[in-house]
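# fold the following.
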Amino acid sequence: MKFQEIINQDKPVLVDFFAVWCGPCKMQAPILEELKQRVGESASIIKIDVDQNQPVAAQYQVRSVPTLMIFKNGKIRWRQSGVFPANELERLINENL
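Numbers count the residues shown, from 1 in each chain. Coordinates of the predicted model:
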């Protein structure tokens, strides 16, 4: 499935724009794993390596990592750079169901 197809879903899609060399990104990874357990099938959580996917990162003007975005039906509903706690992310996903 292509990126555009994924973010065009009717359910919220949390996208983690990250880089393998990024320390804060490594801190965010286990938080997203926990979040995935909490939200189950009600939302998708995907990771996009900005070094491997530069056109997508450029399209969404990702200037720092990690940058988290919530998409629904192809539209950005929320965007934030930096490490974010699971509780806040879960609340934001639930607001966009």
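
# centre-most residue in the protein?
The C-alpha lying nearest the average C-alpha coordinate of the chain belongs to residue 15 (Cα atoms, centre = their mean; 1.9 Å).

# which residue is the nearest non-sequential neighbour of that residue?
Taking Cβ to Cβ, 6 or more residues apart in numbering as the measure, residue 15 lies nearest to residue 69, with 4.8 Å between them; neighbours along the chain are not counted. All C-beta spots, glycine's among them, are computed from the backbone N, C-alpha and C.

# quick check, that neighbour in a strand?
Yes: under the criterion used here (DSSP: H, G, I helix; E, B strand; the rest coil), residue 69 sits inside a strand.

# for the residue sitting furthest away from the middle of the chain, grab phi and psi.
Ranking residues of the chain by C-alpha distance from their mean position (Cα atoms, centre = their mean) puts residue 21 at the top, at 17.6 Å. Its backbone dihedrals place residue 21 at phi -90, psi 0, with angles given as degrees, to the nearest 10.

# quick one: buried residues of whichever strand or helix holds residue 94?
Under the criterion of DSSP states H and E, residue 94 resides in helix 86-95. With burial defined by 16 or more other Cβ atoms under 10 Å, the residues of helix 86-95 counted as buried are 86, 89-90, 92-93.

# same for the longest helix along the chain, what does it pack against?
Ranked by residue count under DSSP state H, the longest helix found in the chain is helix 23-39. Judged by 3 or more Cβ pairs under 8 Å, 6 or more residues apart in numbering; DSSP states H and E, the packing partners of helix 23-39 are strand 13-18, strand 44-49, helix 86-95.

# let's have the ones you listed in TSV, adding distance to residue 55 and mean pLDDT.
Compiled in TSV, the helices and strands packed on helix 23-39 are given as follows (distance: least, Cβ to Cβ, whole Å; pLDDT from 0 to 100):
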stretch	distance to residue 55	mean pLDDT
strand 13-18	12	98
strand 44-49	11	97
helix 86-95	26	97
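
# dump those into CSV; add distance to residue 65 as well.
Written out in CSV, the entries for these read as follows (distance: least, Cβ to Cβ, whole Å):
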stretch, distance to residue 65
strand 13-18, 5
strand 44-49, 9
helix 86-95, 16
